[in-house]
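Asker: need a structure here:
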Amino acid sequence: MTLLSFPNRLRVVDWRTLPPERVEALYSAEADRWARLDWDTTTQWQEVERGRRFGTTAGFAVLDEHGEIIGWTFYQIRSRVLQVGVFDAASEPVTIALVDKLLSEQTLAFVDSITFFALTDAPALTPALRNKGLQVERYWYLSRDLSRSAPPDLNDIRRWRFEDIQATAELFGRSYKGASDSRPFAPGGTADEWAEYVNRLTRGFGCGTLMPEASLCVPSGPNYLVGAALVTKISESTAHLAQLVVDPQFQARRLGAQLLEMAAAAAARQGCRRLTLIVGGSNRRARSVYETARFHATGSFVAAGVFNRADQLASRRPARS
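Answerer: Numbering: from 1, shown residues only. Below you'll find the predicted structure:
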């Protein structure tokens, strides 16, 4: 355990050493927060606990002078990328203690890039992350009632298929140009990153389970897409627009708005009563589309990161012998 010199004598401990019942309480509280966004995260916490037990997922908890947990975070390191998925802190000193431990020299010795994306309102988190050299952006969680959804009549839009994975990854690469430190997916913008991201999005469970009946695309020749809407199911009655992407050359044709309405109508036909999505605060074009489509904010996330910035990380790494 590490003793930090804050007034209330906070202790930062390895999260993996906590008794299972205490960790379960953390999962339960976090699941309740996600449930308020109509998101069932049961499967995700089972995966996190499996990683905790087998040592593939690490983390820290902050204890007060009475031994109560007043903050925690967990992370994974994959291919020298630090991926942070939860960050909860009760006060500014707790936030600083967790960030200092999470981005310590010991951790950064094994890291080239950092990706931080968490549903959190931790006090003073943004300045704490920026102080460590990370770029920070707020992402908004939007929701819309599906009771009035009616699809437009467009014959050139079809259902998305798993055979479209490569064409979808290429579409993402054209639409999200270059690297982005704060983007929580494919921060380097490479072809391999986009392929991995689309596979994870459509075959995994981290962003819900893919709804093939509501996921759509716009083909333009063999193995080429100019638009795609990938929809997942995140609870019994809620669908999630995991990605809505339109080729830059087609963005002035309202294709994104048409894809959105067709996906919403398809999700409604599958029994979903609500459609949600996440959009970056700096993405004004997309936010305008969603506001026009009657989405409203119900929560927010903090996204932060640094991609292959050796000059920013080197000063925090221990010297190599």
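
Asker: with only the CA atoms kept, save the helix or strand where residue 261 lies in PDB.
Answerer: Per DSSP states H and E: residue 261 is located in helix 255-269. Extracted in PDB, the C-alpha atoms of helix 255-269 (Å, rounded to 0.1, in the frame of the first residue of the first chain):
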ATOM      1  CA  LEU A 255     -27.100  10.700 -46.100                       C
ATOM      2  CA  GLY A 256     -26.200  10.600 -42.400                       C
ATOM      3  CA  ALA A 257     -29.600  11.900 -41.400                       C
ATOM      4  CA  GLN A 258     -31.300   9.300 -43.700                       C
ATOM      5  CA  LEU A 259     -29.200   6.500 -42.300                       C
ATOM      6  CA  LEU A 260     -30.000   7.600 -38.800                       C
ATOM      7  CA  GLU A 261     -33.800   7.600 -39.400                       C
ATOM      8  CA  MET A 262     -33.700   4.200 -41.100                       C
ATOM      9  CA  ALA A 263     -31.600   2.700 -38.300                       C
ATOM     10  CA  ALA A 264     -34.000   4.200 -35.700                       C
ATOM     11  CA  ALA A 265     -37.000   2.800 -37.400                       C
ATOM     12  CA  ALA A 266     -35.400  -0.600 -37.700                       C
ATOM     13  CA  ALA A 267     -34.500  -0.600 -34.000                       C
ATOM     14  CA  ALA A 268     -38.100   0.300 -33.200                       C
ATOM     15  CA  ARG A 269     -39.400  -2.600 -35.200                       C
END
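
Asker: how far away is residue 90 from residue 270?
Answerer: 40 Å (Cβ to Cβ, to the nearest Å). In short, each C-beta sits where N, CA and C put it, glycine included.

Asker: revised request: answer the last question for residue 142.
Answerer: Counting by Cβ to Cβ, the gap from residue 142 to residue 270 is 20 Å.

Asker: and for residue 185?
Answerer: Going from residue 185 to residue 270 by Cβ to Cβ gives 25 Å.

Asker: can you give the domain ranges for this structure?
Answerer: For the chain, automatic domain parsing gives the domain ranges 2-133, 144-303.

Asker: now those domains in a markdown table, with mean pLDDT?
Answerer: Shown next, in a markdown table, are the domains of the chain (pLDDT from 0 to 100):
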| stretch | mean pLDDT |
| --- | --- |
| domain 2-133 | 92 |
| domain 144-303 | 91 |
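
Asker: before we move on, back to that, got the angle between the helix or strand following the helix holding residue 261 and helix 255-269?
Answerer: Using DSSP H and E, the next helix or strand after helix 255-269 towards the C-terminus is strand 274-280. Interaxial angle of strand 274-280 relative to helix 255-269 (axes from the mean of the first three to the mean of the last three Cα atoms, to 10 degrees): 150 degrees.
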